[in-house]
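Visitor: coordinates only, no sequence provided:
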């Protein structure tokens with residue numbers, strides 16, 4: 001995932017298990033529990049407010065680790081989850097056999113190329129050093145950002161997460177410095193440029209839209225395996241209430257919260 005880097009919260013476990021939205025005793029409203037991870041969930045607030053007008057109470061159930069929400073969804077402890085991108089969900093389905101399906105897209109947490117030494121990609125010189133994350137997913141995404149910036153060439157056959165050995169052309173003889181993703185902002189004084197995840201960039205005082213030399217983008221009509229999504233159990237993927245939640249999510253008030261709150265660390269994918 002939306003590779004994507006978010007602080008953990010204390011795990012909140014529901015005490016009521018159910019296979020779909022419930023009506024609590026003595027309460028006429030319908031409750032839908034949505035599993036999330038971390039603190040970047042403010043864009044759900046307009047959805048919560050709008051659905052409340054229709055007698056639907058959305059509860060965000062916060063998990064502390066990425067491995068938990070899909071299991072909770074599979075087991076019926078929650079109704080939906082919203083924390084992962086396509087690549088992560090597809091791997092979970094493949095390796096764990098979960099019967100889960102995406103029902104709507106949310107945000108893209110873009111990687112960007114940043115520098116304290118140059119103002120544009122054109123200023124990168126022969127032999128300059130660029131830091132990239134050292135994990136497979138973010139490292140591969142970083143290389144694709146550099147490819148789109150015209151710095152290297154990688155064949156499409158290498159897929160969305162290529163590695164350094166997949167580079168077929170490096171005309172500026174860039175030296176790649178691989179470090180843990182959280183360390184990439186700290187190398188800005190030591191390298192020409194660094195590819196940094198959106199969350200880490202904001203934490204370092206950078207604005208992705210304003211300060212990046214190149215930024216991961218979502219072209220209209222294209223597919224990006226790192227777009228975050230809302231997932232449901234496959235048996236519930238056509239549930240009218242769940243689809244209504246996604247419909248409300250894909251509205252202008254939600255888009256504006258994303259644009260104003262996250263300073264480019266998250267980009268609307270709808």
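Guide: Received, thanks. Everything numeric here is computed off the predicted structure, so don't read it as measured data.

Visitor: residue 235 against residue 99, yeah?
Guide: Yes - judged on C-beta atoms under 8 Å, residue 235 makes contact with residue 99 at a distance of 7.0 Å. Backbone N, C-alpha and C define where each C-beta goes, glycine included.

Visitor: low-confidence stretches in the stretch 51-200 of the chain?
Guide: Counting by pLDDT under 70, the stretch 51-200 of the chain shows no low-confidence range.

Visitor: repeat that for 90
Guide: 64-67, 83-85, 87-88, 91, 108-110, 135-138, 159-161, 181-182, 197-200 (pLDDT under 90).

Visitor: is the closest residue in space to residue 136 that isn't next to it in sequence in a helix, a strand, or coil?
Guide: Among residues not flanking residue 136 along the chain, residue 161 sits closest, at 5.7 Å (C-beta to C-beta, 6 or more residues apart in numbering). Here residue 161 is coil, with the state taken from DSSP: H, G, I helix; E, B strand; the rest coil.

Visitor: residue 161 contacts residue 139, doesn't it?
Guide: Yes - at 7.4 Å, residue 161 counts as touching residue 139 under the criterion of C-beta under 8 Å.

Visitor: mind listing what the residue nearest to residue 136 touches?
Guide: Neighbouring residues of residue 161 by C-beta atoms under 8 Å, 6 or more residues apart in numbering: 87, 136, 137, 139, 140, 141.

Visitor: hey, what's in contact with both of residue 161 and residue 139?
Guide: By C-beta under 8 Å, 6+ apart, no residue touches both residue 161 and residue 139.

Visitor: for residue 133, give me its contacts.
Guide: 139, 142, 178, 179, 180, 181, 184, 195, 197.

Visitor: tally of neighbours for the first one?
Guide: I take that to be residue 139. 21 (other C-beta atoms under 10 Å).

Visitor: sec struct for it, please.
Guide: helix.

Visitor: look up the closest residue to it, ignoring the ones flanking it.
Guide: According to C-beta to C-beta, 6+ apart, the nearest residue to residue 139 is residue 133 (5.0 Å).

Visitor: quick check: the gap between the one you found and residue 115.
Guide: Going from residue 133 to residue 115 by C-beta to C-beta, to the nearest Å gives 16 Å.

Visitor: any of the contacts of residue 133 buried? List them.
Guide: The neighbour-count test (16 or more other C-beta atoms under 10 Å) applied to the contacts of residue 133 identifies 139, 142, 179, 181, 184, 195, 197 as buried.

Visitor: is residue 62 located within a strand, as I assumed?
Guide: Yes - counting by three-state DSSP, residue 62 is part of a strand.

Visitor: what about it, neighbour count?
Guide: So residue 62, with other C-beta under 10 Å, has 19 neighbours.

Visitor: just residue 76 next, same as before
Guide: 12.

Visitor: residue 63 too?
Guide: Residue 63 has 24 nearby residues by other C-beta under 10 Å.

Visitor: isn't it right next to residue 37, touching?
Guide: Yes - contact status for residue 63 versus residue 37: in contact at 5.2 Å, counting by C-beta under 8 Å.

Visitor: could I get the full set of helices for the protein?
Guide: 45-52, 68-74, 86-96, 136-148, 198-203, 208-211, 240-249, 252-261 (DSSP state H).

Visitor: quick one: the longest one to helix 86-96, angle?
Guide: Between helix 136-148 and helix 86-96, the angle formed by their directions is 150 degrees, by axes from the mean of the first three to the mean of the last three C-alpha atoms, to 10 degrees.

Visitor: where do the domain boundaries of this structure fall?
Guide: 22-109+222-268, 112-215 (automatic domain parsing).

Visitor: so what pLDDT did residue 34 get?
Guide: pLDDT for residue 34: 98.

Visitor: which among the contacts of residue 161 gets closest to residue 201?
Guide: residue 141 (13.7 Å; C-beta to C-beta).

Visitor: what sits against the residue lying closest to that closest one once chain neighbours are set aside?
Guide: Excluding its sequence neighbours, the residue lying closest to residue 141 (C-beta to C-beta, 6+ apart) is residue 111, at 5.3 Å. Neighbouring residues of residue 111 by C-beta under 8 Å, 6+ apart: 3, 138, 141, 142, 145, 195, 196, 197, 198, 215, 216.
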